[in-house]
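**Student:** pasting the sequence and the predicted model now:
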Amino acid sequence: MATPPDSPYGDFMMTFETVRPVKHRPVKLEELCKQTKFTRQEIRLMYRGFKQECPEGVVQEDTFKEIYAKFFPHGIDSSLYAHHVFKAFDLNSNGQISFRDLLVSLSQLLRGNAYDKLKFAFKLYDVNGDGCITKAELTDIVSSVHELMGRCSHNRHVEDKQTREHVERLFKKLDLNGDGVVTIDEFLQSCMQDEVITESLKVFEGL
């Protein structure tokens, strides 16, 4: 596909349609439009920023954490939560995020319906990726969110107790058959039927 010489997206089109990036197989613009709910213009704009931050075509976790930290005030530790988000965005579980991985995940979060967003939330909470959520995994996510919100050291004991109590209440509602793990079916059923759970999870999803 030809682009005008003065087009600001000339380098984008060349990269996606004729040049093989260093560490990942290129995906054509039309394919990305079909795989996501973003427009051609939106994808072009996002790619320009992606290429500037990640010239090799993929994001490693350390770089992802650095970028993620820019969205939070100085002194807020976002690294733990960023680690979980990185794993959820890493669709191939290969330790890096391609531009396609990023677009597909963002499309699910920003343009998806409630079902799409809940499926992403489940993937985020399923820390080890084994297809179910344990109480320990849910505790990890909730704790990482508290780190983002900024813990007060003199209140850590109280905060830890509140975290445990919150996790206990939430997990009890999610684990429908009481077997100690939450499957994707239980997660979706619980969240779609219980507004309290849905609202509670939105706090973490939004972050």
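**Tutor:** Received, thanks.

**Student:** isn't Cys191 right up against Lys119?
**Tutor:** No: Cys191 is beyond contact range of Lys119, at 10.2 Å (criterion: CB atoms under 8 Å). All C-beta atoms are positioned from the backbone trio N, CA, C, and that covers glycine.

**Student:** more neighbours, these two?
**Tutor:** Cys191 (24 against 15; other CB atoms under 10 Å).

**Student:** if you count neighbours, what's buried in the host helix or strand of that one?
**Tutor:** For Cys191, the host element (DSSP states H and E) is helix 184-193. Buried residues in helix 184-193, counted by 16 or more other CB atoms under 10 Å: Glu186, Phe187, Leu188, Ser190, Cys191.

**Student:** the third one touches Tyr115, doesn't it?
**Tutor:** Yes: under the criterion of CB under 8 Å, Leu188 lies in contact with Tyr115, with a separation of 7.1 Å.

**Student:** if you count residues, where's the longest helix of the protein?
**Tutor:** helix 156-174 (DSSP state H).

**Student:** rounded mean pLDDT for that one, please.
**Tutor:** Computed over helix 156-174, the mean pLDDT rounds to 85.

**Student:** just the CA trace of that helix, in CSV.
**Tutor:** This file holds the C-alpha atoms of helix 156-174, laid out as CSV (Å, rounded to 0.1, in the frame of the first residue of the first chain):
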residue,chain,number,x,y,z
ARG,A,156,0.1,-1.5,57.7
HIS,A,157,-1.3,-3.9,60.3
VAL,A,158,-4.7,-2.5,60.0
GLU,A,159,-4.5,-2.4,56.2
ASP,A,160,-3.3,-6.0,56.1
LYS,A,161,-6.2,-7.1,58.2
GLN,A,162,-8.7,-5.2,56.0
THR,A,163,-7.2,-6.8,52.9
ARG,A,164,-7.6,-10.3,54.3
GLU,A,165,-11.2,-9.5,55.3
HIS,A,166,-12.0,-8.1,51.9
VAL,A,167,-10.4,-11.1,50.1
GLU,A,168,-12.4,-13.5,52.3
ARG,A,169,-15.7,-11.9,51.6
LEU,A,170,-15.0,-11.6,47.8
PHE,A,171,-13.6,-15.1,47.5
LYS,A,172,-16.5,-16.6,49.3
LYS,A,173,-18.9,-15.1,46.8
LEU,A,174,-16.8,-16.1,43.8
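
**Student:** can you give me the buried ones in it?
**Tutor:** Neighbour counts over helix 156-174 (16+ other CB under 10 Å) mark Val167, Leu170, Phe171, Lys173, Leu174 as buried.
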